[in-house]
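S.K.: Okay, predicted coordinates and the sequence, questions at the end:
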Amino acid sequence: MQNILIIEDEKNLARFVELELKHEGMKTEVHLDGRTGLEAALDEEKDWDLILLDLMLPELNGLDVARRIRQVSNVPIMMMTARDSTIDQVSGFDHGADDYITKPFEIEELLARIRALGRRIDIENEKNRVQQTTLTYRDLVVEKENRVIRRDNEIIELTKREYELLVELMSNLNVVLSRELLLNKVWEYDKEVETNIVDVYIRYLRNKLDKPGEESYIQTVRGMGYVMRT
Ligand code: CA
């Protein structure tokens with residue numbers, strides 16, 4: 001949380017918050033009405049980490065500003081509201097606020113909430129990153145970033161084609177993938193290869209992955225293709 005936009009029409013409060021945040025080493029910009037505040041919020045070059053947004057603002061109120069920001073951006077928004085009612089809070093969240101603070105507040109409370117929001121966002125980003133780079137099916141885990149496949153925490157060595165075939169199947173759980181589609185995805189329209197190469201590689205994969213006496217990880221759908229079903 002380094003770059004913070006303050007949209008607040010009470011000049012003294014805005015100035016006080018700005019000084020305190022600057023004292024903490026943050027960069028700030030203050031706007032005293034909803035319209036110019038929204039313009040600043042939508043300015044991509046500013047690259048905001050957080051928007052502190054008053055609820056009652058001239059020109060355009062805080063809820064409208066939040067709603068308009070949310071149409072184009074996921075930047076964290078903390079609402080500042082003088083009215084401590086559940087309805088206001090819920091309606092603030094409905095419009096896309098991530099947190100709220102009720103005026104009057106101690107500056108320490110604001111700083112603590114900014115830090116907490118920053119941590120929450122770091123954790124969410126990390127979760128999203130892991131979700132995008134990790135595939136799981138039963139006890140199989142594929143870590144795409146380092147191309148490691150684990151079964152029950154044991155590392156399984158695969159060739160490049162086997163790996164790509166497995167990733168294709170695990171990225172499409174419960175979807176039956178035809179031999180032609182797998183051929184196009186994994187072998188990339190290589191006209192030299194026959195469609196039965198897919199069957200051959202499925203067999204290689206099963207030999208490496210499957211446990212004796214247990215159901216195969218990859219199911220054959222006769223006449224259609226292959227699927228990993230949950
Ligand atoms: Ca106000």
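M.R.: Looks like it arrived, so ask away. Everything quoted here is computed from the prediction, not taken from an experiment.
S.K.: Which parts of the protein are strands?
M.R.: Using DSSP state E, the strands of the chain run over 3-7, 27-31, 50-54, 77-81, 99-102, 134-137, 140-143, 148-151, 154-156, 219-221, 225-227.
S.K.: Mind checking these for the one nearest to the ion?
M.R.: Closest to the ion of those is strand 50-54 (C-beta to the ion; 4.4 Å). Just so you know, the C-beta spots here come from the backbone N, C-alpha and C atoms, and that holds for glycine as well.
S.K.: And the most centrally placed residue in the chain, how close does it get to the ion?
M.R.: Of all residues in the chain, the one closest to the mean position by C-alpha atoms, centre = their mean is Asn128, 4.1 Å from it. Distance, Asn128 to the ion, using C-beta to the ion, to the nearest Å: 34 Å.
S.K.: Spit out the contact partners of that residue.
M.R.: If a contact means C-beta atoms under 8 Å, 6 or more residues apart in numbering, then Asn128 has no contacts.
S.K.: re earlier: which stretch among the strands of the chain is buried most, on average?
M.R.: Highest mean neighbour count among the strands of the chain (mean count of other C-beta atoms under 10 Å): strand 50-54, with a mean of 26.
S.K.: Okay, now the sheet partners of that strand, with direction.
M.R.: According to DSSP bridges, strand 50-54 forms sheet pairs with strand 3-7 (parallel), strand 77-81 (parallel).
S.K.: what's the burial count for the closest residue to Leu38 other than its chain neighbours?
M.R.: Nearest-residue entry for Leu38: Val65, 4.9 Å, with adjacent residues in sequence omitted and distances by C-beta to C-beta, 6 or more residues apart in numbering. Val65 has 29 neighbouring residues, counting by other C-beta atoms under 10 Å.
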